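Peer 1: how would this look folded up:
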Amino acid sequence: MVKDFLSFLDFSTEEIHKILNLAHELKILQKKGLPHRWLRGKTQAMIFEKPSLRTKLTFQIGMFHLGGETIVMDMRLGERESVPDVAKNLERWVDLIVARTFSHDDLVCLAQNAHIPVINALSDLLHPCQIMADIMTLQEHFKERIKDLLVVFVGDGNNVFHSWAESLIHFPIQLRLVCPEGYSGDAHLLSKIKEKVGNRLIITHSIYEGVKDADVIYTDVWASMGQESEQEKRSKIFAPYQVNEKLMSLAKPGAKFMHCLPAHRGMEVTSEVIDSPQSLVYDQAENRLHVQKAIMVTLLGYNPH
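Peer 2: Sure, this is the predicted structure:
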């Protein structure tokens, strides 16, 4: 059966850990300059409805490292032809589809109609590749302590937060969302996750109570792509939730800072925080490459061992 990577729920805990172990291995191989062209002769089509730096480049570079080829398509699904028709054409030409979409439903439709693997490179609902890279980064910095971590997401309960919440099913991390009222994320998705993880997922509007004892402070932009018209309104509502030195001081001493990037410096985070020794943002960005290589290798059925 064809496997897709649309969310953390597509894989078992064992499978997710195997992907991360492979990502660490691939990183070592690359640092040592050792060959790992395991996908020679394979081709991926990348559909991008939204702008991208890290996602687009890391998937392209990753496939190049693995010996394969990439075709980039800047297009809107469903405009020129239907999503099923796009899927049924692509499956005849390529081995893998990577899609960055506005609508998660379009992504699901693409996967349902393509008999080749589809990877979620970001949708309005989820961003699992980012969180895989984030967890890899935490594994590097916290080692075995990762199982005891409290990650506090400060800001909007958006697609990045949703994937963080889904990751709790596979990792014994505690996750806390600190947000203004009315910005707590998708209630249906989060209630289903909370049924499985209990009080390891908490949502609060109190900055002090929320940030207290945090091992990791995580934030993202206040207005995601497609929400630009809400920027001014959101800037006023989220201003008290800016991650600055004062807010970081409420967390544990030496707490790490994370951001999926791009960052709006001076808005959701100050330059003093993002450029501080506590910041892991560029480690996260680097690890997108290695995690996505591991996902591609896994979905295309190559077993290096």
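Peer 1: Which of the helices or strands spans residue 67?
Peer 2: Taking DSSP states H and E as the definition, residue 67 sits outside all helices and strands.
Peer 1: Wait, it touches residue 43, no?
Peer 2: No: taking contacts as C-beta atoms under 8 Å, residue 67 lies outside contact range of residue 43: 10.9 Å. For every residue, glycine as well, the C-beta is placed using N, CA and C.
Peer 1: buried stuff in the lowest-mean-pLDDT helix or strand in the chain?
Peer 2: Lowest on mean pLDDT, DSSP states H and E among the helices and strands of the chain sits helix 231-238, with a mean of 93. Using 16 or more other C-beta atoms under 10 Å as the test for burial, helix 231-238 gives 234, 237, 238.
Peer 1: same thing with stretch 210-227?
Peer 2: Applying a neighbour-count criterion of 16+ other C-beta under 10 Å, one finds 210-211, 214-224 buried in stretch 210-227.
Peer 1: re the thing from before, can I get the following helix or strand past the least confident helix or strand of the chain as PDB, trimmed to CA atoms?
Peer 2: Sequence-wise, the next helix or strand downstream of helix 231-238 (DSSP H and E) is helix 245-249. In PDB, the C-alpha atoms belonging to helix 245-249 read as follows (Å, rounded to 0.1, in the frame of the first residue of the first chain):
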ATOM      1  CA  GLU A 245      14.000  38.900  26.900                       C
ATOM      2  CA  LYS A 246      11.400  39.500  29.600                       C
ATOM      3  CA  LEU A 247       9.200  36.700  28.500                       C
ATOM      4  CA  MET A 248      12.200  34.300  28.100                       C
ATOM      5  CA  SER A 249      13.200  35.200  31.700                       C
END
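Peer 1: just how off-centre is helix 245-249 within its chain?
Peer 2: 25 Å (C-alpha atoms, centre = their mean, to the nearest Å).
Peer 1: confidence score at the residue nearest the centre of the chain?
Peer 2: For the chain, the residue whose C-alpha lies nearest the mean C-alpha position (C-alpha atoms, centre = their mean) is residue 130; its distance is 2.0 Å. pLDDT, residue 130: 98.
Peer 1: again, but for residue 145
Peer 2: For residue 145, pLDDT reads 89.
Peer 1: same deal with the one 4 residues further on?
Peer 2: At residue 149 the predicted local distance difference test score is 97.
Peer 1: hang on, isn't it packed against residue 173?
Peer 2: Yes: between residue 149 and residue 173 there is a contact at 5.1 Å, judged by C-beta under 8 Å.
Peer 1: re earlier: any idea what the residue nearest to the centre of the chain is structurally, helix, strand or coil?
Peer 2: Classification of residue 130 using DSSP: H, G, I helix; E, B strand; the rest coil returns helix.
Peer 1: contacting residues around it?
Peer 2: Contact analysis of residue 130 by C-beta atoms under 8 Å, 6 or more residues apart in numbering lists 122, 160, 163, 260, 284, 288.
Peer 1: at 7 Å what do you get?
Peer 2: By C-beta atoms under 7 Å, 6 or more residues apart in numbering, residue 130 lies in contact with 160, 163, 260.
Peer 1: any idea how far the last one is from residue 65?
Peer 2: Distance from residue 260 to residue 65, counting by C-beta to C-beta, to the nearest Å: 22 Å.
Peer 1: And these two? Which one has more around it.
Peer 2: Counted by other C-beta atoms under 10 Å, residue 260 and residue 65 do not tie: residue 260 has more neighbours, with 26 against 19.
Peer 1: In contact with that one, which residues are there?
Peer 2: 130, 160, 220, 284.
Peer 1: Angles on the backbone of residue 37, please.
Peer 2: The phi/psi pair for residue 37 (degrees, to the nearest 10) reads phi -90, psi 60.
Peer 1: okay, now the spatially closest residue to it that is not a sequence neighbour: neighbour count?
Peer 2: Counting by C-beta to C-beta, 6 or more residues apart in numbering, residue 37 lies nearest to residue 67, which is 3.1 Å off, once chain neighbours are set aside. Look at residue 67: counted by other C-beta under 10 Å, it has 14 neighbours.
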